Structure formats: C-alpha cells, structure tokens
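Participant: quick one: sequence plus predicted model below, questions after.
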Amino acid sequence: LEVLHQFTNNSLAHSTNDAGDQFGGTANGAPLFFGGIPATAYPEGSRGMTAKKINVVDTCHTITPNFRQVDVFGGYTSAAGSNFIYSDALPKRFQGMAMVCEPTMKVVALMDVQPDGAGWKALDAFNLYASSDEWNSPVHAEVGPAGAVCVADFQNFIIQHNPTPSLERGGFVGTTGVGGAHENDLRDHSRGRIYRIVGKGAAKDSDTLYSRLLKQQRLAFDTSDLSDQSDIHALWVKHARGTLDAKAHQAALISKDPKLRRNAIRALGADKAAQDLFFGSGVISDPDLHTRLAAFVKLADFPTTEEIKTLVKKLASDPIVKNDECLAEAAKLLGKKHGALNYQEGPNLLPNPGCEEVIAGQKLPSGWKRRDYGAKPGNPGAEWQIVTDPKMVHSGKQAMRCITRDEGDTSFFADVLLKPNTDYRLSA
C-alpha cells in the first residue's frame, strides 16, 4: 500500500471520475478534494500539496430543523462518499456530479465538479435526496449496475461524533460508553435501509461506469474473452494483458480525447521506449491542463538527465504554469526531483535558530520571547530552559525544553518579516 493523497481530517471518501482523476473527501468541513499529485511523485523526505479542497460552498441544505450536530454546525460534519453519477437512467442535469452523503443533515448532496485550470472546483448543486425522517442517515451513495443510484441509509436516530452530552451541551447528562461514544438507547445496531433513485420512466442503463469497469476487470484477466471495449477501458485492458504496443500507445497519446491522452500518459513506464513515446507526443505542453498535469507527474518518474533538467527549468518559468496552482506545485516538485530548481534557498530567517546565544543568567535563548495562552493551571509553573543533552538536540549543541506539571498552553516565539508571493520552508 502507498499513501497517495493527504487530506485534512477523517477521510471517508475516495472516488474517480470517468477519466480516472482522483477525488476524495473528509468528514469535517471539507467534503470534496481533488488529488492531483500523488505523494509518491515527491522525492523522499519532501512533502507538498497532494490534494486540495475544491467545494466552494460549505453549507449543507437540510429540509428539517430536527438535526443533531456537535461541530461544523449547518455544514458537513460527517460527510461520507464522493462517487460520481454517470447513468442514462438519470436526468442529464445529474451527469458528472459528485454525491456527498451527510447523515446528520439527512441528505445526499450534489456537487457540480467543473474544470478549474489543471484542478477542479465543486459548485453547490443542492441535493439529490433529502429527508425529514429523523432516523434517516444516508452514509453511502453510488450508481449501481442497472443505472440507479443506490443509497445506504444507516437508519439511526443518533449519528454524530463522540462528545458526551451535558445539560449545557445536549440537554441531558450522558454517560460515556465503551469506545468513547455516549450510551444511548436510541442507537440502532441491527437495521438499515437501501433506496434506489431513478429517473421517472427511465429504462435501465447497462452501460454505466460501474459496468464498464467491471467488464474491464474481467477482460484484463480472461484472455479467452474476445469482446472489445473502446477508448480508456480498451487501453487499460491491453496494458494489463501486455498487448499495448507502441503504435496503439502513440495513437492514444495524440488522441483528440484529453481523457484518453492522460490515461495513456499514466500507462507509460519509465524506460527509454516510454520516454520516446512521451516526448514524441507533446503532452508536456498539452492544451488540456488536466492532461498537462498528468504529464508533469509522469515526468517525475523518469531518470534525471541534463535534457530533463533544462526542460524542468523551462516549465517552471512558463506563465501558464506559474499562474496555475496545481501546475506550479508540480513544477516545484520536478525541480526538487531532478535537481533543477530555478531558485536558491535563502538564509535562515529565525533569530538565533540553534539557541546558541543565551541571555546572561536566564538560560534562555536571546531573540525569543515567551507567550502564555489563557489561564491554564500549568502556565505559571512552566519551566523553559536550554538543554545540552545530545539526545535532545536536533542541530548545533543546544535546544529548548519546556516542562509543565499541569495542563498548560505556553510557547516561545520569534517574529520573522515575510515577503508576499514568496515560498518559505519551516523545518524543525
């Protein structure tokens, strides 16, 4: 297993659109992300923006005032799922939209995922489904093999985070149970419901994305099955069977369909034959920015050469790249991966960064100040001091240590003057 994309909190969703672009979501306040750059593309020890929140509206549209939330009030606090709709059994206006379940608000929300440079933005498209049933708790929505959207309803009156209710926060004194969730007789542990949503009068759709992917999987391993698929699915069947020759791969790389082009990029290896196909196709400057981003990511797989170094520096100075957040991030990682950065790292801006200069008689670093927060009982007795034990020192010969004997919130800080539109790196 490999970690590909880092989100911001509890990750309860993963999906792809029909082009294989990666999406996901979190429970709290960030229901939809685009994973544009896999973490595996970054050089070892380096981190960057592997995913970005793309929903532009945080409000969740419930149709009942009877809902229970403990945080992110009125928004997404237990969001689950990010599956896309592709089905002729549903109205055209739903096609390509992502579905996000919010069980506390009893809705399956729709997000209209639109291109935004090399990334995406998700516009508020209200709901596919909403309920006023106080036991309704949708937790998963997906297009099934017949084209209907199937919704899994957890059917629970209590569906929320773990904080135990109090008189002030919940209206009654709760008891914390095993696992941290409060005890409540209204929790249902045995029942659930499944709903099917189809367009009125619509016929079954046997050619959904679900069906095509299922067929692709079967054809990849059953070489006796001579039935065919088109475009993206045929490409990956041939790739899995080892029958994707250079001619067919080149045709996919220069196809008029940008979705096919970026899948052809992803199907490339890193050997010389793959590099020849890659550079011969012109995808590194593809007019479709999603495809260009896929090309940047693939370029990170290739061995470093002087020619690639020159190319990477040229990419980083391209105005289109510099003005696109995803492409600029990818260009930055390419500079690190291939040792072709267009800038030199400046000096350490922190005063006395190694704590080597000490205020006379205080055993505290010069240039730094103490700041306590709130009235925590451990703040007054917090002991800050310089230490020299090599096991505690990260660099140089000295470090700072704080000892508190009760709950505290205290810090030592230094002010640093920063310039706008400038990248900074903070390391410990």
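Facilitator: Sure thing, it's come through. Note that the coordinates shown come from a computational prediction; the quantities given were computed from them, not determined experimentally. Residues are numbered from 1 along each chain as shown.

Participant: Tyr129 and Thr164: what is the separation?
Facilitator: Tyr129 sits 31 Å away from Thr164, going by CB to CB, to the nearest Å. C-beta coordinates here come from the backbone N, C-alpha and C atoms, glycine included.

Participant: verify the stated contact: Asp18 with Tyr86.
Facilitator: Yes - contact status for Asp18 versus Tyr86: in contact at 5.7 Å, counting by CB atoms under 8 Å.

Participant: those two: which is more packed in?
Facilitator: Ranked by neighbour count (other CB atoms under 10 Å), Asp18 and Tyr86 place Tyr86 first, with 20 against 14.

Participant: I'd assumed that one was in a helix, is it?
Facilitator: No - counting by DSSP: H, G, I helix; E, B strand; the rest coil, Tyr86 is not part of a helix but coil.

Participant: related to what we said a few turns ago, between Tyr129 and Thr164, which one's more packed in?
Facilitator: Set Tyr129 next to Thr164 and count neighbours by other CB under 10 Å: Tyr129 wins out with 19 against 16.

Participant: what is the burial count for Pro65?
Facilitator: By the criterion of other CB under 10 Å, Pro65 has 6 neighbours.

Participant: quick one: secondary structure of it?
Facilitator: Three-state assignment for Pro65 (three-state DSSP): coil.

Participant: ok, it - contacts?
Facilitator: The contact partners of Pro65, by CB atoms under 8 Å, 6 or more residues apart in numbering, come to none.

Participant: mind checking how far it is from Lys106?
Facilitator: Pro65 is 11 Å from Lys106, by CB to CB.

Participant: what is the burial count for Trp368?
Facilitator: If you count neighbours by other CB under 10 Å, Trp368 ends up with 20.

Participant: now it, what are its backbone angles?
Facilitator: Here is the backbone geometry of Trp368 (degrees, to the nearest 10): phi -120, psi 150.

Participant: quick one: furthest residue from the center of this protein?
Facilitator: Most distant from the centre of the chain: Gly361, at 49.4 Å, with distances by CA atoms, centre = their mean.

Participant: looking at this protein, which strand is longest?
Facilitator: strand 119-130 (DSSP state E).

Participant: what comes into contact with the very next helix or strand once past that strand?
Facilitator: Going down the chain from strand 119-130, the next helix or strand is strand 138-143, by DSSP states H and E. With contacts defined as CB under 8 Å, 6+ apart, strand 138-143 is touched by 80-81, 83-87, 90, 99, 101-103, 106-108, 128-129, 131, 149-154, 208-210.

Participant: could you flag which of those residues are buried?
Facilitator: Buried members of these, scored by 16 or more other CB atoms under 10 Å, are 80-81, 83-87, 90, 99, 101-103, 106-108, 128-129, 131, 149, 151-154, 208-210.

Participant: helices - which of the residues you listed land there?
Facilitator: Cross-referencing those against helices under DSSP state H gives 209-210.

Participant: test my guess that Leu32 contacts Ser15.
Facilitator: No - when contacts are counted by CB under 8 Å, Leu32 is not listed as touching Ser15 (9.4 Å).

Participant: and those two? Which one has more around it.
Facilitator: Leu32 (27 against 17).

Participant: check the contact lists of Leu32 and Ser15 and give me the overlap.
Facilitator: Shared contacts of Leu32 and Ser15 (CB under 8 Å, 6+ apart): 23-24, 82, 98.

Participant: now intersect those residues with the strands, please.
Facilitator: Within these, membership in strands is found for 23-24, 98, as judged by DSSP E.

Participant: in CSV, list the residues you listed along with pLDDT.
Facilitator: Below are these laid out as CSV (pLDDT from 0 to 100):
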residue, pLDDT
Phe23, 98
Gly24, 97
Ala98, 98
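
Participant: who wins for neighbours among these?
Facilitator: Ala98 (27 neighbours).

Participant: any chance you could list residues touching both of Asp18 and Tyr86?
Facilitator: 96, 209.

Participant: from the shared contacts of Leu32 and Ser15, which two are the most distant?
Facilitator: Pairwise distances across these (CB to CB) peak at 10.3 Å, for the pair Gly24 and Ala98.

Participant: overlap of the contact sets of the two?
Facilitator: Counting by CB under 8 Å, 6+ apart, the residues touching both Gly24 and Ala98 are 15, 32, 82.

Participant: look up how far Ala19 lies from the spatially most central residue of the chain.
Facilitator: The residue lying closest to the centre of the chain (CA atoms, centre = their mean) is Ala51, at 3.7 Å. Counting by CB to CB, the separation of Ala51 from Ala19 is 17 Å.

Participant: cool, thanks, signing off.
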